[in-house]
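*Asks:* Can you look at this prediction? I've put the sequence above it.
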Amino acid sequence: MAAESFVFQTAGQILGKLATDAFREIGLVWGVKKNLERLQSTVTAIKAVLLDAAEQKKKKNRQVEDWLEKLQDVLYDIDDVLDDFMTEDLRRKVVIKGSKRKAVKNFFSSSNSLALRITMSRKLKNIRSRLEDIDADRKQFALVEGALYSPVAYPLREQTHSFIRASDVIGRDRDKNKIIKLLSSNCSSSASSGTIENIPVLPIVGLGGLGKTTLAKLVYNDDAITSNFETRLWICVSEDFDLKKVIEKIMNDATGVDHAHLDLNRLQSSLRTTLDSKKFLLVLDDVWNEDRKKWTELKDLLNCGSHGSKIVVTTRKKTTAKIMGTLIPYELKGLSKDECMSIFVKCAFTEGEELQYPKLVEIGKAIVMKCGGLPLAVKSLGSLLYTKREERDWLYIIDNDIWKIEPKENDILPILKLSYNEMPLHLKQCFAYFARFPKGLVISNYTMIQMWMAHGFIQSSDGSRQLEDIGNQYFHELLSRSFFQYESMSFKPSFDNTLFGVTMHDLVHDLALSVVGEEVSYVSYDTRNIFEGTRHLVFSAMILEGKEFPHFLLKLNKVRSFSFQFKVGPISKTFVDTLMKTFSCLRILDLNGSKCKELPGSVGTLKHLRYLNLTGNRNIKALPNTICNLVNLQTLFLVACVKLQDLPRDFGNLSRLRSLNLISKMTCYPKKGHAEGLRSLQNLWIQSCDHLESLLGGMKNFTALRDLSIYNCPSLTSLPAESMRYLTSLEALRIGHCENLNLLKEEDTMMELPKGFLSLELLDIPKLKELPRGFENAAATIKYIKIGDCPSFEILPEWFQNCTSLTKLLLRNCMLLESLPLGLHQFTALRFLGIKNCSDTLSRKCERETGEYWPWISLIPEIHLE
């Protein structure tokens, strides 16, 4: 059942659309002005009573609960109809803009256009009638109009408070040292040859939220462990203990290469070869498996390392520990009252601020006592109170009904739900969407924000802010509330930290699932029952080659997002075609990891589609031109589509495209017709285009472009300096592994960066000797500079001393670089300086205490010199 807050949010989004100039114009052009006005009036009246409806629901009024469910369903359908109008109107404008006068005349006078008007008008009348029936039920319940939801806009915390660094973990040093001692001891029954017959397995067991994963990470990264094991591997197993998937994860971590294309036999052979005679530490995090046979199959494959290898397992289940462990399980206990209080203070106050609020600290002690030593619960409530300084807000936590619930083992959901209930509405919807991702998955902030945008969760009230910036704010608000944590082990954040990965604790994921109810469904071929109102579908099959689209899914015509839980490999065109024709309301189609040789032309009928991910499709050679009918498309990922020859002829029709991640065999980009309409493009990533020789003048159309990344394009020789001048919104330029690129060709010497530019990364560009003069334009605003693996780079320009906003500078493997610019002492904003493997001369100048630059360098908070 959808939460009542979602109903309120959806109603607000609908009213927001109806109030725009665009819909006032649609009403006149399509002759539906009165119908839209009546719809707006009814939605407004219903929205006004939703607060009272929520109160009735809390009192277990089943009739009101049913009414809210029906209302949510019809609101989704209204949103679809309104989106139909906006889409057809946008297509009309594309025709007007791109076609000859005769074609425009045909569009308006054709029988197809008349039929479309009649169809659209009928849709609107039908949906309005359904809504009026629901409104009549509202009047029977005598719901009272009252104060609407008014979420408080809390100030953001600094990012450094949204997670705890390993050095900041409180209360686990003793546990860490004990486990390191166990892992360092000679406790295996090994053969004299040096190989192992029965690898030691140490389970770490404890309640959810105790910090088992945090403890395992502390151990994993400790110097005593890194120096003792030749190879370390970290695998998040979670609830699905499938032998092939686990081996695949181990191999991916061990080699850094995707092994999804291998069958089980080749995987196990590669695993044994990779680990053969190596002393390794393998951490299997968050294991739920209680099938001894499954574990035995995996363990037998792991008995190939050298003597001293170990496995650590974290689990909530003692049964799992008994099945997998060879050593006595390490049972993790709760933290002490003082340790919990230290965590609480860290989360609830800025540093030293607690001294100003002694009464709040006393209330905090009472709150901590109720958390039972669970760090996750303490952290959640502390983060909740971070923005609140009124005693009544803190006392509300003490007096809340959650403490009256009979405690259950592993159940801290009521505590987490309290933090959820205190969220502003816009965050509730964004948080709940995490339920569509499997447990344990590392999710990038970039991907999540694109998906939020696709569903309309992010709105700019006055159009003055970019949706991506608003989404980034939402993401950091959720981070500050401790609903997920940074993940740097398997997802390396970008240098400027604009791109990073996060993980969500299993219990927090359970909370997200409890909030969305049946709107999110995980299905497989074995699924028997499914809610027909499912809006977000995750398909859990692992192999789809030769299989048909499941018949039981044909009735789900309201699905808004579809994805595969696993990389399914080869998939038939018929399967994808049926999928597209069935799920006509899709906003998100994520086919990541599937390999379809040909994308069906029916993709062009998905008029609501905003997000299309074809990443990892190594079979597809071309995209159908019908994809250019997707006038609402905002995000297109074509990563690792290595056989893709070109983009469709009318690609420039995608006027709302904001993010394009591209790989193809093109020799030049963008070709005629590919760029003219892409004036909304914000992010362009060009990767592994081996044949790409040049970027053409069409780049000048990308006036909204903010992030340009070019990686692994060995044939690229230059950038179009003249066109680059039109990229006045550019904030980040990342170029890497382009061995023939010359930024200082005569025609490129005045390639400019705009004022307002923020981040520059230049990596592995052998011909780079110095920065182009035109980069000086950005000197006053640039904050991040990273130059690495550029063997010819020999000098930083004089204008570099004007980079007074610079906060992070990394120079790496630039062996000809002998000096830093004058005026280094003026870089008062600089917080990070890294100089690694540059010339001996520069190293001497930077030596601690004695170097020429040391008096300036020593003032920088974080220094890395090698």
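*Replies:* Perfect, I can see it now.
*Asks:* Show me what residue 443 bridges to in the sheet.
*Replies:* residue 502 (DSSP bridges).
*Asks:* I'd guessed it sits against residue 433; true?
*Replies:* No. Contact criterion Cβ atoms under 8 Å: residue 443 and residue 433 do not qualify, at 10.3 Å. The C-beta positions use only the backbone N, C-alpha and C, and glycine is treated the same way.
*Asks:* These two: who's more crowded?
*Replies:* Applying other Cβ atoms under 10 Å to residue 443 and residue 433 shows that residue 433 carries more neighbours, namely 21 against 17.
*Asks:* OK, contacts around the more buried one?
*Replies:* Contacts for residue 433 (Cβ atoms under 8 Å, 6 or more residues apart in numbering) come out as 448, 451, 452, 455, 457, 512, 516, 536.
*Asks:* quick one, what contacts the first one?
*Replies:* When contacts are counted by Cβ under 8 Å, 6+ apart, residue 448 is found next to 433, 434, 471, 475.
*Asks:* one more time with 7 Å
*Replies:* residue 475 (Cβ atoms under 7 Å, 6 or more residues apart in numbering).
*Asks:* Kindly confirm my reading that it is in a helix.
*Replies:* Yes. The assignment for residue 448 is a helix, going by DSSP: H, G, I helix; E, B strand; the rest coil.
*Asks:* Make sure residue 212 is actually in contact with residue 218.
*Replies:* No. Counting by Cβ atoms under 7 Å, residue 212 stays clear of residue 218, with 10.9 Å between them.
*Asks:* and the two? which has more neighbours close in?
*Replies:* Using other Cβ under 10 Å, the more surrounded residue of residue 212 and residue 218 is residue 212, with 24 against 21.
*Asks:* where does the stretch 201-350 of the chain dip in pLDDT?
*Replies:* 239 (pLDDT under 70).
*Asks:* any chance you could map the strands in it?
*Replies:* 201-205, 231-238, 280-287, 310-315, 330-331 (DSSP state E, counting those that start in this stretch).
*Asks:* okay, the ones you listed, which one's buried deepest?
*Replies:* Among the strands of the stretch 201-350 of the chain, strand 310-315 has the highest mean neighbour count (mean count of other Cβ atoms under 10 Å), at a mean of 26.
*Asks:* hmm, back to that, so which of the contacts of residue 433 belong to helices?
*Replies:* 448, 451, 452, 512, 516 (DSSP state H).
*Asks:* which of those are buried?
*Replies:* Taking 16 or more other Cβ atoms under 10 Å as the criterion, what is buried in the ones in helices among the contacts of residue 433 is 448, 451, 452, 512, 516.
*Asks:* which one of those residues is nearest residue 132?
*Replies:* Nearest to residue 132 among those is residue 516, at 27.8 Å by Cβ to Cβ.
*Asks:* could you list every residue that touches that closest one?
*Replies:* Counting by Cβ under 7 Å, 6+ apart, residue 516 has contacts 432, 435.
*Asks:* Then residue 281?
*Replies:* 183, 225, 229, 232, 310.
*Asks:* so how far is residue 398 from the first one?
*Replies:* Residue 183 sits at a distance of 42 Å from residue 398 (criterion: Cβ to Cβ, to the nearest Å).
*Asks:* I'd like the distance between residue 598 and residue 651.
*Replies:* 18 Å.
*Asks:* Among these two, which residue is more densely surrounded?
*Replies:* residue 651 (23 against 15).
*Asks:* right, and that one touches residue 629 too?
*Replies:* No. Counting by Cβ under 7 Å, residue 651 does not reach residue 629; the two are 11.5 Å apart.
*Asks:* Let me know whether my guess that residue 171 is in a helix holds.
*Replies:* No. Counting by three-state DSSP, one finds residue 171 to be coil, located in no helix.
*Asks:* That one: neighbour count?
*Replies:* If we define neighbours as other Cβ under 10 Å, then residue 171 has 18 of them.
*Asks:* How about the contacts made by it?
*Replies:* Residue 171 neighbours (Cβ under 7 Å, 6+ apart): 335, 336, 339.
*Asks:* Kindly present these as JSON lines, with separate columns for distance to residue 48.
*Replies:* Formatted as JSON lines, the contacts of residue 171 follow (distance: Cβ to Cβ, whole Å):
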{"residue": "335", "distance to residue 48": "46"}
{"residue": "336", "distance to residue 48": "50"}
{"residue": "339", "distance to residue 48": "48"}
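*Asks:* Mark which of those residues are buried, thanks.
*Replies:* Buried, going by 16+ other Cβ under 10 Å: 335, 339, out of these.
*Asks:* The closest residue in space to residue 776 that isn't next to it in sequence: how many residues sit nearby?
*Replies:* Spatial nearest neighbour of residue 776, excluding adjacent residues (Cβ to Cβ, 6 or more residues apart in numbering): residue 799 at 4.3 Å. Other residues within reach of residue 799, judged by other Cβ under 10 Å, total 15.
*Asks:* From what I see, residue 799 and residue 775 are in contact.
*Replies:* No. In this structure residue 799 lies outside contact range of residue 775 using Cβ under 7 Å: 8.1 Å.
*Asks:* Common neighbours of these two, please.
*Replies:* Common neighbours of residue 799 and residue 775 (Cβ under 7 Å, 6+ apart) do not exist.
*Asks:* ok so, going back, now the buried ones among the ones in helices among the contacts of residue 433 in TSV, with distance to residue 522 and pLDDT?
*Replies:* As requested, those are arranged in TSV below (distance: Cβ to Cβ, whole Å; pLDDT from 0 to 100):
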residue	distance to residue 522	pLDDT
448	19	97
451	17	97
452	21	97
512	13	90
516	12	90
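*Asks:* mind giving me TSV with those residues and columns for distance to residue 690?
*Replies:* Converted to TSV, those look like this (distance: Cβ to Cβ, whole Å):
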residue	distance to residue 690
448	31
451	30
452	34
512	41
516	43
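*Asks:* List just the nearest of those residues to residue 8.
*Replies:* residue 516 (15.2 Å).
*Asks:* Near residue 804, how many other residues are there?
*Replies:* When neighbours are counted by other Cβ under 10 Å, residue 804 comes out with 15.
*Asks:* Next, it: secondary structure please.
*Replies:* coil.
*Asks:* what's the answer for residue 863, then?
*Replies:* strand.
*Asks:* and it, how many neighbours?
*Replies:* Neighbours of residue 863 (other Cβ under 10 Å): 15.
*Asks:* Got the confidence number for the residue nearest to it when sequence neighbours are not counted?
*Replies:* Distances taken as Cβ to Cβ, 6+ apart place residue 833 nearest to residue 863, at 5.4 Å, with adjacent residues excluded. With respect to pLDDT, residue 833 scores 94.
*Asks:* Return the residues in contact with residue 744.
*Replies:* With the criterion set at Cβ under 7 Å, 6+ apart, residue 744 makes contact with 769, 772.
*Asks:* Now with 8 Å, please.
*Replies:* So residue 744 contacts 767, 768, 769, 770, 772 (Cβ under 8 Å, 6+ apart).
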